[in-house]
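Here is my input, please return the structure:
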Amino acid sequence: MIPYGKQDISAADIAAVVEVLQSDFLTQGPKVPAFEQLICEYTGAHHAVAVTNATAALHIACLALGVGAGDSVWTSPITFLASANCALYCGATVDFVDVEPLTGNMSVHSLADKLAAAERAGKLPKVIIPVHLAGHSCDMQQIAQLARSYGVKIIEDASHGIGGSYHEWKLGSCHYSDITVFSFHPVKIITTAEGGIATTNDAALAEKMRLFRSHGVVRDKNGLTRPDEGDWYYEQQLLGFNYRMTELQAALGCSQMQRLDEFVSCRNQLAEKYQAQLLNLPLTLVEPAAGNYSARHLFIVRLPLGLRKTVFDKMRQFDIQVHVHYFPIHLQPFYQELGFKIGDYPAAEQFYEEILTLPLFPSLTDDDICYISSSLRSLL
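Numbers count the residues shown, from 1 in each chain. Presented below is the predicted three-dimensional model:
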């Protein structure tokens, strides 16, 4: 079966991991800071904090911004569960902002209306988490202007987006946000097997995230309340977690970073081939907005209403692992128990009913794209 996504592991990647296996450090060694430095150099961010996965990165990002009980966090309903769950981990509440019908990204118009209403009600969110669906950036300039005018912080969920850019700024630069989060799951643009990272330009936020990453423990004598206790001594100064990335993961990440631009360029070339093959079919492509160079994590199409289930099942029978990204979070049973219901976010619900994700990964061949496209054409 042709998978919808797949890692691309080279001999150099394997050698990088083997080198760590034969070294003195499997965790908390030199590779993690080296990987963080590579991310900073690529994105232009001042700081990067590598963790076990993007969910952990979202969690510590919320904590670093002071999200807690009594606070509210807003995100998109069309995203993976972690974009919303991270706020609940902190004891906050979650709400959603409806999406743009063409991109599935957070709607600036809906956000403006919701912020104005929240200000009148005295219930502004503490943090907004826009999600760059498929690697296509949200309209961050407009979102940032709105958030700053209301004193609201921003975490960009760029789990799909490393290697992409918006208005000449690399995603992860935090030019329009306080913190940006990337994922390195195997189906993402680059992989560390599992892994995530949070970037920021704020040194204080970076330090907080490092503390939350590793049990809230301080070892540097300059930060200790008992600096003369002894070289063995460390202090827990807040309630943190064990979210540390291993040296093996970081070594793989360092190696994969050498091919990041190659991966993103390949994904965009494959998207162009899909565009040509799917021309004149009764479907709509979910494409990035102007001024946006997408990392192209996903290739999503919108089908005529009512056809998706049949097309999905038939494509799977053709050994093509199409997928759907995503079922709206507010309609998940857990979130419906919190009070969300059908009709709350109509654009997101309509978007979900029509979307289908086609396979996209660097080793996808021209023959694969022809087969996928012709199979879809036969069904439509």
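
And the nearest residue to Leu21 once chain neighbours are set aside, which helix or strand is it part of?
Leaving out its chain neighbours, the residue that sits closest to Leu21 by C-beta to C-beta, 6 or more residues apart in numbering is Leu248, at 7.1 Å. Quick note: C-beta positions are derived from backbone N, CA and C, even for glycine. Taking DSSP states H and E as the definition, one finds Leu248 inside helix 247-257.

what's that helix packed up against?
Helices and strands touching helix 247-257, as assessed by 3 or more C-beta pairs under 8 Å, 6 or more residues apart in numbering; DSSP states H and E, comprise helix 11-21, helix 31-43, strand 47-51.

Go again with 7 Å.
Contacts of helix 247-257 with other secondary structure elements, assessed using 3 or more C-beta pairs under 7 Å, 6 or more residues apart in numbering; DSSP states H and E, are made with helix 11-21, helix 31-43.

Return the most buried member of those.
Here the criterion is mean neighbour count by mean count of other C-beta atoms under 10 Å, and of the helices and strands packed on helix 247-257 the winner is helix 31-43, at a mean of 20.

what does the average pLDDT come to for that helix?
Helix 31-43 carries an average pLDDT of 98.

Show me what that helix is in contact with.
Taking C-beta atoms under 7 Å, 6 or more residues apart in numbering as the criterion, the residues outside helix 31-43 that touch it are 20, 46-50, 170, 172-173, 197, 199, 245, 247, 250-251, 253-254, 257, 260.

and the direction of the longest helix along the chain versus that of helix 247-257, what angle?
Longest helix in the chain by number of residues, with DSSP state H as the criterion: helix 260-277. For helix 260-277 against helix 247-257, the angle by axes from the mean of the first three to the mean of the last three C-alpha atoms, to 10 degrees is 60 degrees.

relative orientation of helix 260-277 and helix 31-43 in degrees?
Counting by the same axes, to 10 degrees, helix 260-277 lies at 50 degrees to helix 31-43.

What is the next helix-or-strand element following helix 260-277 packed up against?
Going down the chain from helix 260-277, the next helix or strand is strand 284-285, by DSSP H and E. Identification of packing neighbours for strand 284-285 by 3+ C-beta pairs under 7 Å, 6+ apart yields strand 299-302.

and the strand it packs on, which strands flank it?
When pairs are called by DSSP bridges, strand 299-302 turns out to pair with strand 284-285 (antiparallel), strand 355-358 (antiparallel).

Need the CA coordinates for it. PDB is fine.
Extracted as PDB, the C-alpha positions of strand 299-302 are listed here (Å, rounded to 0.1, in the frame of the first residue of the first chain):
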ATOM      1  CA  PHE A 299      -1.700  17.300   0.200                       C
ATOM      2  CA  ILE A 300      -5.400  17.900   0.900                       C
ATOM      3  CA  VAL A 301      -8.300  18.000  -1.600                       C
ATOM      4  CA  ARG A 302     -11.900  18.900  -1.100                       C
END
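
Name the residues of the next helix or strand after that strand that are buried.
Beyond strand 299-302 in the direction of the C-terminus, DSSP H and E gives the next helix or strand as helix 308-317. Of the residues in helix 308-317, those buried by neighbour count under the rule 16 or more other C-beta atoms under 10 Å are 308, 311-312, 315.

Can you pick out the most distant pair from those residues?
For those, with distances taken as C-beta to C-beta, the pair at the greatest spread is Arg308 and Met315 (10.3 Å).

Can you tell me the SS state at Thr225?
coil (DSSP: H, G, I helix; E, B strand; the rest coil).

ok, how many other residues are close to the closest residue to it other than its chain neighbours?
Taking C-beta to C-beta, 6+ apart as the measure, Thr225 lies nearest to Glu235, with 6.3 Å between them; neighbours along the chain are not counted. A count of neighbours around Glu235, defined by other C-beta atoms under 10 Å, yields 15.
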